[in-house]
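In: Just the structure for this:
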Amino acid sequence: MEDFERLLDATFPFVKDLLKKHGEFFPLSSVIDRNNSIAQVGTYDGNEQPKSDKVIEDLKTGLREGVKNGDKAIAIFYDVKVIDPNTNQKTDAVAIFVENKKDTKAYKLYYPYTFTKDSVLIFAESWRNEIEKEIFK
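Out: Residues are numbered from 1 along each chain as shown. Predicted structure coming up:
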């Protein structure tokens, strides 16, 4: 989990800033490379308003290539609407798909959020789901 914490600590502030400024964000990702450095990974196909699912698939394709070059851990951040298991209510959330080389499973982390009337961003209690690996197979 240390790899995941490093990726979240490095990237989540940027995601929060995008939410505060724009109320949403396009999917983005970060990796821990073979030198233990954190790098941002993006994708662009010329479309200024791409569908999030397409961006996520393109990111996964690029991340699989990075694994071949020695990347050790990945995180994909994206904006979703999801049922919060803590409240059973539909909510906006930052979803984060995380996976690394050494664990046998991957995880989806969810950070539900709302904006107050004064446009203050507030996060509620997060949760995670264990899922099958997709990048480090």
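
In: Pull stretch 79-90 out as CSV, backbone CA atoms only.
Out: Extracted as CSV, the C-alpha positions of stretch 79-90 are listed here (Å, rounded to 0.1, in the frame of the first residue of the first chain):
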residue,chain,number,x,y,z
ASP,A,79,-14.7,11.4,-11.9
VAL,A,80,-17.7,9.1,-11.3
LYS,A,81,-21.2,9.0,-10.0
VAL,A,82,-21.6,6.0,-7.7
ILE,A,83,-23.8,4.6,-4.9
ASP,A,84,-22.0,5.4,-1.6
PRO,A,85,-22.2,2.2,0.5
ASN,A,86,-22.0,4.3,3.7
THR,A,87,-25.2,6.2,2.8
ASN,A,88,-26.8,4.2,0.0
GLN,A,89,-27.2,7.5,-1.9
LYS,A,90,-25.9,8.3,-5.4
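
In: How about residues contacting that stretch?
Out: In this structure, residues lying in contact with stretch 79-90 by C-beta atoms under 8 Å, 6 or more residues apart in numbering are 19, 24-25, 27, 52, 91-95, 110, 112, 124-125, 127. The C-beta positions use only the backbone N, C-alpha and C, and glycine is treated the same way.

In: okay, among those, which ones form the most distant pair?
Out: Spanning the widest gap among these are S52 and E125, at 24.0 Å by C-beta to C-beta.

In: Looking at those two, which is more packed in?
Out: Between S52 and E125, counting by other C-beta atoms under 10 Å, S52 is the more crowded of the two (14 against 11).

In: My guess is that one contacts F25. True?
Out: No - using C-beta atoms under 8 Å, S52 makes no contact with F25, being 9.6 Å away.

In: Once you drop chain neighbours, what's closest to A95?
Out: Nearest residue to A95 in three dimensions, chain neighbours excluded: V80, at 4.6 Å (C-beta to C-beta, 6 or more residues apart in numbering).

In: Can you list the strands that the host helix or strand of that neighbour pairs with?
Out: Using DSSP states H and E, V80 maps to strand 73-84. Using DSSP bridges, strand 73-84 pairs in its sheet with strand 28-32 (antiparallel), strand 89-100 (antiparallel).

In: so what does the lengthiest helix in the chain touch, helix or strand wise?
Out: Longest helix in the chain by number of residues, with DSSP state H as the criterion: helix 2-22. Contacts defined by 3 or more C-beta pairs under 8 Å, 6 or more residues apart in numbering; DSSP states H and E place helix 2-22 against strand 28-32, strand 38-41, strand 73-84, strand 89-100, strand 106-115, strand 121-123.
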